[in-house]
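# Here is my input, please return the structure:
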Amino acid sequence: MMMYFDSHIHTEFSADSEMKAQDALHEAERQGLGLVFTEHLDYDYPSAGTEEFIFDPAAYWAAYEPLRAKGNLSLGVEMGMMASAREKNAAFLQRVPFDFVLGSIHFLDVKDLYYPETFEGHEKREMYHEYLTVMRDEIYAHPFINALAHIDYIARNATFDNPELSYGDFIDDIDTVLCALVETDTVIEINTRRLGTPRGIKELAPIYHRYHELGGRYVTIGSDAHVPAGVGCHYACAHELAHAFDLQVVTFRERKMQLCET
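This next block holds a predicted model:
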């Protein structure tokens, strides 16, 4: 039986989440979804003296592997991609048999893009160019990731008058990222976090359209949920976005792509 998966979920193994696995699974079951847990791994986290975004993979596997047996849960990791972390990231994946590796960019020049002060004193064009260039470079340098998370992450907390990652404003930079994905057989995620507004959909649609034009054919859908109410959020909208551009929704099990639909 085919099942759709929310392939980006954080439980209490992530430093910024306290969600219990059973609460996430209960909410997903209510919606008829499977889940992929993708706990945060961000080596070299730049804010000294604060929480670390690292977890013990053996403890994670021991806690959740019994829940995985039914087939409606896969166990993955959201891996922060930084030049300084490349070897450590590769080594981390050898410690347990992860189902799925989701690559992401959370930092620029060792500054956390979550915090508004990171954007102070910077021009949008310069900063977004750097973000997309680093993203492209790290996709090539992390051949072991299965999918790229939230290409528009930088727009979430940017303090510019217009924080959107508009395709028309960054055509060349976005194209280099999408080409890197296609060339490395890496899937792109439709992250649902910003699909609750018409503006979010309007800005993301041209990126997925272009991904298909360049040869991309598959997407994962991920809510990036940290609380039960976020599980599956705006999933139907993401599904419509995928189909609008002939992109097939997939998930991963034992690092192999699985179709969620025929």
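# a strand runs through T118, doesn't it?
No: read with DSSP: H, G, I helix; E, B strand; the rest coil, T118 is helix and lies in no strand.
# The residue nearest to it when sequence neighbours are not counted pairs with what?
Nearest residue to T118, sequence neighbours excluded (Cβ to Cβ, 6 or more residues apart in numbering): K111, at 4.4 Å. (Each C-beta comes from the backbone N, C-alpha and C, glycine too.) On the basis of DSSP bridges, K111 is bridged to L108.
# how deep is K111 tucked in, by neighbour count?
15 (other Cβ atoms under 10 Å).
# Give me the pLDDT value at the residue of the chain most remote from its centre.
Most distant residue from the mean C-alpha position of the chain: G121, 27.6 Å away (Cα atoms, centre = their mean). Note on G121: pLDDT of 92.
# same question, the one 5 residues further on
Per-residue pLDDT puts E126 at 95.
# quick one: contacts of the helix or strand hosting it?
Counting by DSSP states H and E, the element that carries E126 is helix 124-141. Helix 124-141 has contacts (Cβ atoms under 8 Å, 6 or more residues apart in numbering) with 81-83, 86, 103, 105, 108-109, 113, 119, 145, 148, 151, 154, 158, 160, 162-163, 165, 169-170, 173-174, 176-177, 180-181, 184, 186.
# Quick check: the residue nearest to T118 touching F119?
No: with contact defined as Cβ atoms under 8 Å, K111 does not reach F119; the gap is 9.0 Å.
# Could I get the CA-only coordinates of the helix holding E126 as PDB?
The C-alpha trace of helix 124-141 is given here as PDB (Å, rounded to 0.1, in the frame of the first residue of the first chain):
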ATOM      1  CA  LYS A 124      20.200  41.300   0.900                       C
ATOM      2  CA  ARG A 125      21.700  40.500  -2.500                       C
ATOM      3  CA  GLU A 126      25.200  39.900  -1.100                       C
ATOM      4  CA  MET A 127      23.900  37.700   1.700                       C
ATOM      5  CA  TYR A 128      21.500  35.600  -0.400                       C
ATOM      6  CA  HIS A 129      24.200  35.100  -3.000                       C
ATOM      7  CA  GLU A 130      26.500  33.800  -0.300                       C
ATOM      8  CA  TYR A 131      23.800  31.500   1.100                       C
ATOM      9  CA  LEU A 132      23.000  30.000  -2.300                       C
ATOM     10  CA  THR A 133      26.700  29.600  -3.200                       C
ATOM     11  CA  VAL A 134      27.500  27.800   0.100                       C
ATOM     12  CA  MET A 135      24.400  25.600  -0.500                       C
ATOM     13  CA  ARG A 136      25.600  24.700  -4.000                       C
ATOM     14  CA  ASP A 137      29.100  23.900  -2.800                       C
ATOM     15  CA  GLU A 138      28.000  21.800   0.100                       C
ATOM     16  CA  ILE A 139      25.600  19.700  -2.000                       C
ATOM     17  CA  TYR A 140      28.600  18.600  -4.100                       C
ATOM     18  CA  ALA A 141      30.700  18.100  -0.900                       C
END
